[in-house]
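Asker: One predicted model, sequence on top.
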Amino acid sequence: MGRRVRMTEERRKAFLAALRRGATVAAAAGAAGVARSTAYAWRARDSRFAAAWDDAVEDGTDALEDVATRLAFAGNDRLLMFLLKARRPEKYCPAARTRRMAAGGAGTVSIEVRVPLPEPAPDECRAVPLGPCGSEADATASW
C-alpha cells in the first residue's frame with residue numbers, strides 16, 4: 001500500500017480552483033500534484049472538503065455552460081440544438097415524453113424519466129441506435 005499524501009491548504013486550493021474552471025477530477029488532481037485516488041480519499045475523509053468539491057463542480061459546470069452558450073451563439077448549430085434540447089426537451093425533443101413517478105410515504109421522492117416514443121415497426125426488422133431524444137437523426141449527429 002502506498003503512502004498517504006497529506007492534504008495541504010495549497011493542494012486543496014489548487015484542486016478546487018481547477019474544478020471551478022471546469023476541469024475533470026483527474027485534471028484537478030494533477031493541478032494539485034496528487035493522484036485522482038488521493039483526491040477521492042480526501043473527499044471520503046473530510047466532509048467540508050467534499051462540500052467544497054461539490055460547490056466547485058457546480059461552478060465549473062456553470063463555466064462550461066457559459067462557454068457552450070457563447071459557442072452556440074457564435075454559429076455552432078449542433079451545440080445550439082443540444083443546449084435547446086437540454087433546456088426545453090418538451091419542445092425540442094418531440095420524440096420524447098416525460099413520465100413522472102412518485103414513491104409514496106414519508107419523504108416522497110419524485111423522479112422524472114424520459115422515454116422515447118415507440119417508432120412504427122418497419123417492414124424489415126433492423127436495429128437502429130437512437131439518440132438522446134429518441135430519433136435516428138440524433139444518433140448520427142456528432143455531438
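Answerer: Everything's here; your move. Not measured: the values here are computed from a predicted model. Numbering: from 1, shown residues only.

Asker: distance of Arg6 from Asp46?
Answerer: Using CB to CB, to the nearest Å, Arg6 is found at 12 Å from Asp46. Any C-beta I mention is one placed from the backbone N, CA and C, and that applies to glycine too.

Asker: more neighbours, these two?
Answerer: Asp46 (14 against 9; other CB atoms under 10 Å).

Asker: Quick check: Ala31 touching Ala18?
Answerer: Yes. Shown here, Ala31 and Ala18 form a contact pair, counting by CB atoms under 8 Å, at 4.1 Å.

Asker: Tell me if Val34 really is in a helix.
Answerer: No. Under DSSP: H, G, I helix; E, B strand; the rest coil, Val34 falls outside any helix and is assigned coil.

Asker: neighbours of the closest residue to it other than its chain neighbours, just the number please.
Answerer: Distances taken as CB to CB, 6 or more residues apart in numbering place Val5 nearest to Val34, at 5.3 Å, with adjacent residues excluded. If you count neighbours by other CB under 10 Å, Val5 ends up with 16.

Asker: biggest helix in the chain by residues?
Answerer: Ordering each helix of the chain by length in residues (DSSP state H) puts helix 47-73 first.

Asker: Mind giving me the packing neighbours of that helix?
Answerer: Under the contact criterion of 3 or more CB pairs under 8 Å, 6 or more residues apart in numbering; DSSP states H and E, helix 47-73 touches helix 9-20, helix 36-45, helix 77-87.

Asker: what angle separates that helix from helix 36-45?
Answerer: 120 degrees (axes from the mean of the first three to the mean of the last three CA atoms, to 10 degrees).

Asker: Can you give me the buried ones in helix 47-73?
Answerer: 49, 52-53, 56-57, 59-60, 68, 72 (16 or more other CB atoms under 10 Å).

Asker: Distance-wise, check Trp53 relative to Asp66.
Answerer: Counting by CB to CB, the separation of Trp53 from Asp66 is 20 Å.

Asker: Next: Gly33.
Answerer: Note on Gly33: its distance to Asp66, by CB to CB, is 28 Å.

Asker: do the same with Glu10
Answerer: Counting by CB to CB, the gap from Glu10 to Asp66 is 28 Å.

Asker: Equivalent analysis for Phe73, please.
Answerer: 11 Å.
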